[in-house]
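Participant: dropping a prediction and its sequence here:
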Amino acid sequence: MEGNPNIELVNSLQAQMESLRERINQLETENAKLSRQLSVCVCQKIAVSDKTPVDCSSSIGEMEMLKLDEIGLLNRSKDKEPAAGGNAMALHHLPKRYVALKVMYFGQRFYGFASEAQMDPTIESEIFKALHKTRLVSGDRKELQYSRCGRTDKGVSSVGQVISLFLRSNLKKTPASNGYSVESFAEESCDGEIDYVKILNRALPNDIRIIGWSPARTDFSARFSCLSREYKYFFWRENLNIMAMESSGKRFIGEHDFRNFCKMDAANVHNYRRYITSFEIFSCNERYGDDELWAMKIKGSAFLWHQIRCMVAILFLIGQGLESSNVIDELLDTERTSRKPQYKMAPEIPLVLQSCEFDGLKFKCSSDARQALRAHLEKECRSYKLEAAIFHEGLLSCSTTFSDSTQLNITTKKKGPTHIPLMSRPTEPSYEERRAKLAAARSNNYN
């Protein structure tokens, strides 16, 4: 007599259910065992079983990570910070040290460095995705004591941005009850420490790289401990009067009120005095046809919102012969010129945060991480040169497509719009007017 198919199906399902129950019991046992081990973990070796020690120097240990993932202790989400609970508990008991990271990035596709504007992607959001993916952090940014040296705008790049925060460490000191030691470990040897540069660069997108790390004191702040910041602005010389631009740029040196050289933030900024320590303009020894690449280098203690781009815009007007050097003195004299004339800022793409200066930091990078970083940057440079070659071919193709008469029409220059002197242009509201408007708005909201 043939078997009843329904009975066979029920028996098969019962067997699978029994197998699943046994697996659940095994995982619960392993979960309890790992939780006990993690609650007292203060060293570099964590025993997964009685016979298998696992090195946690890279990311807690690969075998352990697989088990933690399997039983749900770790959250592998790329976009979300770990939820409070298993994942945070697993990492919270591990030793941590306060670290400064030096970051480089090509800013063209990002909405600036900082992530507060709710626009994605930002450099900061990508860095924190990598930090959580590599299990180097747990907790919120306030708990991590996170700070950044500067918040570059949309499209701006950097080869010297610095951030600081608590990261998981391989050091053998016992952390405090909350997982964060009051000691900075800055005085200890870094031998055997996690290779922060190598690990993070594996998780970051191609246009962001960590280029060094340094131990830091727990009272260090990437923002407030910075002694100076240096920017470079690249441009093609074309017909600009470089000598006039150089002599005019020197007028920025010293302490001045730069409210006419920035985007005013009356709600948060009350002091517009900044100190510029040096200004240089020089050739980069890079040519394209008859043109030559140049750069301005501006160094100061700190800068206002869009300050560099406003300064460069005025220097370009001087280099074109549209304004005299005296216009800088007039704009710096805020008693005489209390309202900023309306003018367009210089484009953001050529601006680079070159370096940030600190006392006591010594950034380091392992030989393996350095080689990988160099290989990556060389590959990226070749890629950009390929793109430039394609655009160049397109340019050549355009020049051979048009007839002589058409080409003549294209190359005939039309007279541009008449330049209106800066000091004759409409002006923006003054700082006092902006403050009064803010006060009135707050009063209306309160009432």
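Facilitator: Now that the structure is in, tell me what you want to look at.

Participant: all helices for the protein, in order.
Facilitator: Remark: helices assigned in the chain by DSSP state H are 5-39, 62-70, 86-92, 123-133, 141-144, 196-203, 242-249, 307-319, 326-332, 367-401, 404-411, 431-446.

Participant: and these: which comes nearest Phe224?
Facilitator: helix 141-144 (15.8 Å; CB to CB). For every residue, glycine as well, the C-beta is placed using N, CA and C.

Participant: just give me how far the closest one sits from the chain centre.
Facilitator: 17 Å (CA atoms, centre = their mean, to the nearest Å).

Participant: can you list the residues that contact that helix?
Facilitator: Phe128, Val137, Leu165, Phe166, Tyr180 (CB atoms under 8 Å, 6 or more residues apart in numbering).

Participant: redo these as CSV? Include pLDDT.
Facilitator: As requested, the contacts of helix 141-144 are exported to CSV (pLDDT from 0 to 100):
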residue, pLDDT
Phe128, 96
Val137, 93
Leu165, 96
Phe166, 95
Tyr180, 55
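
Participant: Arg151: which of the helices of the chain is closest?
Facilitator: So among these, helix 123-133 is nearest, using CB to CB, at 8.3 Å.

Participant: mind checking pLDDT for Met345?
Facilitator: We have a pLDDT of 96 for Met345.

Participant: pretty sure it sits against Ile308.
Facilitator: No: Met345 lies out of contact with Ile308 (CB atoms under 8 Å); the separation is 9.2 Å.

Participant: comparing the two, which residue is more hemmed in?
Facilitator: Ile308 (27 against 18; other CB atoms under 10 Å).

Participant: surely the more buried one meets Leu353?
Facilitator: No: using CB under 8 Å, Ile308 is not in contact with Leu353; the gap is 9.3 Å.

Participant: shared neighbours of the two, anything?
Facilitator: Common contacts of Ile308 and Leu353 (CB under 8 Å, 6+ apart): Tyr231.

Participant: mind putting the contacts of helix 141-144 in CSV, distance to Thr334 included?
Facilitator: Formatted as CSV, the contacts of helix 141-144 follow (distance: CB to CB, whole Å):
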residue, distance to Thr334
Phe128, 39
Val137, 44
Leu165, 38
Phe166, 42
Tyr180, 45
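
Participant: among those, which pair sits farthest apart?
Facilitator: Largest separation among those by CB to CB: Phe128 and Tyr180, giving 17.7 Å.

Participant: distance across stretch 129-145, terminal residue to terminal residue?
Facilitator: 17 Å (CA to CA, to the nearest Å).

Participant: quick one: low-confidence residue ranges for the stretch 1-150 of the chain.
Facilitator: For the stretch 1-150 of the chain, residues meeting the criterion pLDDT under 70 lie at 1-6, 10, 32-92, 117.

Participant: run the last query once more with 80
Facilitator: 1-93, 116-118 (pLDDT under 80).

Participant: gap between Ser366 and Ile199?
Facilitator: 10 Å (CB to CB, to the nearest Å).

Participant: how about the contacts made by the residue nearest to the spatial centre of the chain?
Facilitator: Geometric centre of the chain, nearest residue: Ile123, 4.0 Å, by CA atoms, centre = their mean. Contact analysis of Ile123 by CB under 8 Å, 6+ apart lists Val103, Tyr105, Gly107, Phe110, Gly112, Phe113, Thr152, Gln161, Ile208.

Participant: and the first one, how many neighbours does it have?
Facilitator: For Val103, the tally of surrounding residues (other CB under 10 Å) stands at 24.

Participant: and Asn268, what pLDDT?
Facilitator: For Asn268, the model assigns a pLDDT of 84.

Participant: identify the bridge partners of Tyr288.
Facilitator: Asp291 (DSSP bridges).

Participant: what's the spacing between it and Tyr384?
Facilitator: 14 Å.

Participant: how about Ala302?
Facilitator: Ala302 is 31 Å from Tyr384, by CB to CB.

Participant: neighbour count for those two, which is higher?
Facilitator: Of the pair Ala302 and Tyr384, Ala302 is the one with more neighbours under other CB under 10 Å, namely 14 against 10.

Participant: thinking again about what came up before, of the contacts of Ile123, closest to Ser214?
Facilitator: For the contacts of Ile123, the closest approach to Ser214 (CB to CB) belongs to Val103, at 12.5 Å.

Participant: quick check: that closest one touching Ile210?
Facilitator: Yes: if you go by CB under 8 Å, Val103 and Ile210 touch, sitting 5.9 Å apart.

Participant: shared neighbours, those two?
Facilitator: Joint contacts of Val103 and Ile210 (CB under 8 Å, 6+ apart) do not exist.

Participant: and stretch 355-369, how far from the chain's centre?
Facilitator: Centroid separation between stretch 355-369 and its chain, computed with CA atoms, centre = their mean, is 16 Å.

Participant: just stretch 16-23 next, same as before
Facilitator: Using CA atoms, centre = their mean, the offset of stretch 16-23 from its chain centre is 48 Å.

Participant: please export the C-alpha coordinates of it as CSV.
Facilitator: What follows is stretch 16-23, C-alpha atoms only, in CSV (Å, rounded to 0.1, in the frame of the first residue of the first chain):
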residue,chain,number,x,y,z
GLN,A,16,13.3,19.6,10.5
MET,A,17,11.7,21.3,13.5
GLU,A,18,13.6,19.0,15.9
SER,A,19,16.8,19.8,14.1
LEU,A,20,16.1,23.6,14.3
ARG,A,21,15.4,23.3,18.0
GLU,A,22,18.7,21.5,18.6
ARG,A,23,20.6,24.2,16.7
